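Asker: Output the structure for:
(chains A and B)
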Amino acid sequence: MNSTLKPIPWKLHLGVLAVAIVFPFVFPSNFMVNFGVMALFYAFIGQSWNIAGGFAGQLSFGHVAFFGVGAYASTILQMRYGFSPWLGLPAAALAGAVVGGIIAVLAFRAGLKGSYLALITLAFAEVLRIVANSISITGGGLGMLIPMKASVANFQFTERIGFYFLILVLTAGSIALAEWLRRSRFGAQLAAIRENEDSAKALGIDVFAEKVKVMVISGAIGGMGGCFFAQYFLYIDPLVVFGVDKSVEMLLVSMIGGAGTVYGPLVGSVLLALISDVTRDLTQIQGLSLVLYGGLLVVIIAYLPNGLIDLFKRRTPSPRKRD
Amino acid sequence: MDPTILAAATINGVLLGGMYTLVACGLTLIYGVLHIINFAHGSMLMLAMFGVYYLLTKLGIDPYVSIVVMVPAMYLFGYVLYKGLIGRLAHGRDENILLITLGLSILIENLALLFFKGDSRTISVSYSDRMIEIGPTLVALPKLISFVVAIVLCIALGLFIQHTDTGRSIRAVAKERVGARLMGIDVDRIFAISYGIGLATLGAAACLLMPIFYVSPSIGHVFVLVSFTVVVLGGMGSFTGAAVGGLIVGLTESFGGLFLGESLGQIGISLIFILILLFRPSGLFGAKS
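Answerer: Just a heads-up that it's a prediction; the model follows:
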């Protein structure tokens, strides 16, 4: 997970952005734009995981908690209280940040890390799923359906390309945040915590505060991802937005692309979206893409510990070893 | 509330607890003793249950008789899997084992979906519906058997880990990996053996669960979080803990369903899990580390 200190050249950032901007004009079909939306969406929620799990090394198996509260916060505000869905986006970010902060304070106060942290985050997500499934304001197990009423003011674009550029802005923002994180003092402190928490403490880093901070940021991004998801699919239910599957997907795109790297989640999500579409079209076999994801994760951990992004760098990957 | 209902819920909870203990005692060996999370535990149980299912439907072997096939088969599978894949690929990092077993569980579950399709299957054996009267309620005989075997299995594993050479080696590796290696213990082999034993108990669990449960490719999900709760609640590597933890979790689920309803009733297990992790991560019977 070692992010190199070598700065990413501006040309690369601009190049990636340019490709993303022209993509829907070169491939304007609904199918391709949808592909782009899904790839960017997973890159976005993957970045949420990556900032905590990759940059700070805080392994979470329950990141869907942030995603889910974001989805429910924005949808409840819109459906039950009549707020504009655009307000849902900051509200979702706030909800995700608050839940991220609460979980972080509780878990880090108790000194949980590694596998314990993975398990407790999973359990928190489960609690939220069960609560969402049991109370009436969330619509219980039936979920919530957002009525179709296409207008930009209503966060519903008549053309998919509107959603495409919205998620592009969000994802670009998350990548910019990751790049800032990599360069900043805060990012360096997180890297120190990831590599060796005790040494980081000895260096005078307030480990607890930094870890809480990173979970708040990560939670805010996850929450916004949930809001986007709700508005794109116009339907949420507890299993979809609080299910383990989404936590795993957030982790997968980052781990496969390259955890702790700026472009890891994007590389991972484009690859996974490709695999998903190609296998579905060529074979029509349900679940085959997930078989490949699982296999890919094993291979990556074993042979490319810094993710696929290592293939683009001209240096030999070193197996991740402690010390 | 009617005492008959309470008694029924208690008995139901205890039996449920037996079922969870059965699945969790292998995990307590893998997770508790070796400090690695076996995320593939649920999907391995699923494989074993499909094994029992096909042994009955294709070869006509009774689930209880299949124990003699499933236990060694799962042991061998676990040993080879760890030796050939998990241990080799993890580069000695615990977090990598977590991620590799996660990858494996995704892989296995979805392969199972391809081969076995998504529907749930049940088996019927002559004794499936045999009822026994306990106090005010009737209890299915296979449930009672699974409960008894779960307790026996915990005791057997406890004795094994305390009194055999392999058991001592496992404890030594758990306590002090480097020291154990210096004493001439083949640490990798001990890891593989522990993983094998963990899966072997799943082989036994599958045989006992099949007559009272159903199997589907996603059956593992039912047991994963619950099993971790049992293990953490009972305490790392404590088989007494696994049995007590299983009972508490089973009773929590039973009474949660009774008092809070079907949906919210499930919250008890997750809450116990969170509270234990926050306030007593060593569990009820675990040594403080």
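Asker: for the chain, what spans make up the strands?
Answerer: With no chain named, the answer covers chain A. Here chain A has its strands, by DSSP state E, at A:144-145, A:235-236.
Asker: The chain in question should be chain B.
Answerer: Under DSSP E, chain B gives strands at B:131-134, B:137-140.
Asker: any low-confidence regions in the chain?
Answerer: No chain was given, so I picked chain A. In the predicted model, chain A carries pLDDT under 70 at residues A:1-6, A:286, A:313-323.
Asker: if you could check chain B rather than the one you did, that'd help
Answerer: Along chain B, the model assigns pLDDT under 70 to residues B:32-33, B:92, B:287-289.
Asker: Sketch out the helices for it, chain order is fine.
Answerer: B:3-27, B:34, B:41-59, B:67-81, B:87-89, B:94-116, B:141-163, B:165-175, B:177-182, B:187-209, B:219-234, B:239-264, B:267-279 (DSSP state H).
Asker: got the angle between the first one and helix B:187-209?
Answerer: Going by axes from the mean of the first three to the mean of the last three CA atoms, to 10 degrees, helix B:3-27 is angled at 150 degrees with respect to helix B:187-209.
Asker: what residues does stretch B:120-135 touch?
Answerer: B:7, B:11, B:52-53, B:56-57, B:62-63, B:138-142, B:144, B:210-216, B:219 (CB atoms under 8 Å, 6 or more residues apart in numbering or on different chains). C-beta: built from backbone N, CA, C; applies to glycine.
Asker: let's see it at 7 Å
Answerer: By CB atoms under 7 Å, 6 or more residues apart in numbering or on different chains, the residues outside stretch B:120-135 that reach it are B:7, B:11, B:53, B:56, B:62-63, B:138-142, B:144, B:210-211, B:214-216.
Asker: same check, this time on stretch A:237-252
Answerer: Residues outside stretch A:237-252 that contact it (CB under 7 Å, 6+ apart) are A:42, A:45-46, A:48-49, A:53, A:61-64, A:67-68, A:71-72, A:125, A:128-129, A:132-133, A:141-143, A:226, A:229, A:268, A:272, A:293, A:297, B:106.
Asker: Would you list the buried entries among those?
Answerer: A:42, A:45-46, A:48-49, A:53, A:61-64, A:67-68, A:71-72, A:125, A:128-129, A:132-133, A:143, A:226, A:229, A:268, A:272, A:293, A:297, B:106 (16 or more other CB atoms under 10 Å in any protein chain shown).
Asker: circling back to that earlier point, now, the contacts of stretch A:237-252 that are in helices?
Answerer: A:42, A:45-46, A:48-49, A:64, A:67-68, A:71-72, A:125, A:128-129, A:132-133, A:226, A:229, A:268, A:272, A:293, A:297, B:106.
Asker: can you pull the buried residues of stretch A:226-236?
Answerer: Buried-residue list, stretch A:226-236, by 16+ other CB under 10 Å: A:G226, A:C227, A:F228, A:F229, A:A230, A:Q231, A:Y232, A:L234, A:I236.
Asker: What's the separation between the second one and B:L56?
Answerer: To tie it back to what came earlier, the one meant is A:C227. To B:L56, A:C227 is 49 Å away according to CB to CB, to the nearest Å.
Asker: And for the first one?
Answerer: Counting by CB to CB, the gap between A:G226 and B:L56 amounts to 44 Å.
Asker: separation between B:I170 and B:T122?
Answerer: B:I170 is 36 Å from B:T122, by CB to CB.
Asker: meant to ask about B:H35
Answerer: For B:H35, the distance to B:T122 (CB to CB) stands at 36 Å.
Asker: Those two: which is more packed in?
Answerer: B:H35 (16 against 12; other CB atoms under 10 Å in any protein chain shown).
Asker: Relative to A:F229, how far out is the spatially most central residue of chain A?
Answerer: Nearest to the mean C-alpha position of chain A, by CA atoms, centre = their mean, lies A:I45 at 1.9 Å. Relative to A:F229, A:I45 is positioned 8 Å away (CB to CB).
Asker: And A:R185, by the same measure?
Answerer: As judged by CB to CB, A:R185 and A:F229 stand 33 Å apart.
Asker: Just to check, B:L34 is in contact with B:S194?
Answerer: Yes. Contact criterion CB atoms under 7 Å: B:L34 and B:S194 qualify, at 5.5 Å.
Asker: Show me which residues of chain A are close to chain B?
Answerer: Chain A has residues A:59, A:106, A:110, A:112, A:114-116, A:118-120, A:122-124, A:126-127, A:130, A:133-134, A:141, A:248, A:255, A:285-288, A:290-291, A:293-295, A:297-298, A:301-302, A:319-322 near chain B, with proximity defined as CB under 7 Å from any CB of the partner chain.
Asker: if you set the cut-off to 6 Å instead, what comes out?
Answerer: Contact residues (CB under 6 Å from any CB of the partner chain) of chain A with chain B: A:106, A:110, A:115, A:119-120, A:123, A:126-127, A:130, A:133-134, A:287, A:290-291, A:294-295, A:297-298, A:301-302, A:319, A:321.
Asker: among these, which ones are buried?
Answerer: A:110, A:115, A:119-120, A:123, A:126-127, A:130, A:133-134, A:287, A:290-291, A:294-295, A:297-298, A:301-302.
Asker: how about B:V65, phi and psi?
Answerer: Main-chain torsions, B:V65, degrees, to the nearest 10: phi -70, psi -30.
Asker: tell me, how many neighbours does it end up with?
Answerer: Using other CB under 10 Å, B:V65 has 13 other residues around it.
Asker: quick one: it from B:P211, how far?
Answerer: Distance from B:V65 to B:P211, by CB to CB: 12 Å.
Asker: ditto for B:G158
Answerer: 26 Å.
Asker: now A:L311, nearest residue through space, not along the chain?
Answerer: Nearest non-adjacent residue to A:L311, counting by CB to CB, 6 or more residues apart in numbering or on different chains: A:L304, 7.3 Å away.
Asker: That neighbour: neighbour count?
Answerer: Neighbour count of A:L304, defined by other CB under 10 Å: 18.
Asker: same check, this time on B:D62
Answerer: 16.
Asker: hang on, the earlier thing: so B:G158 and B:P211 - more neighbours on which side?
Answerer: Under the neighbour definition other CB under 10 Å, B:G158 and B:P211 were set side by side, and B:P211 has more, 26 against 19.
Asker: tell me the contacts of the more buried one?
Answerer: Counting by CB atoms under 6 Å, 6 or more residues apart in numbering or on different chains, B:P211 makes contact with B:P63, B:V125, B:S128, B:P142.
Asker: Quick check: phi and psi on the third one?
Answerer: Read it as B:S128. phi -50, psi -40.
Asker: want to throw the strands of chain B into a markdown table with distance to A:A95 and mean neighbour count?
Answerer: Listed next are the strands of chain B as a markdown table, based on distance: least, CB to CB, whole Å; neighbours: other CB atoms under 10 Å in any protein chain shown:
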| stretch | distance to A:A95 | mean neighbour count |
| --- | --- | --- |
| strand B:131-134 | 48 | 11 |
| strand B:137-140 | 45 | 16 |
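Asker: any chance of those strands in JSON lines, with distance to A:A150 too?
Answerer: JSON lines is the format used below for the strands of chain B (distance: least, CB to CB, whole Å):
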{"stretch": "strand B:131-134", "distance to A:A150": "59"}
{"stretch": "strand B:137-140", "distance to A:A150": "55"}
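Asker: so which of the ones you listed comes closest to B:I276?
Answerer: Comparison of these against B:I276 by CB to CB identifies strand B:137-140 as nearest, at 29.1 Å.
Asker: Neighbouring strands of the closest one in the sheet, and parallel or not?
Answerer: Strand B:137-140 has its sheet partners listed here by DSSP bridges as strand B:131-134 (antiparallel).
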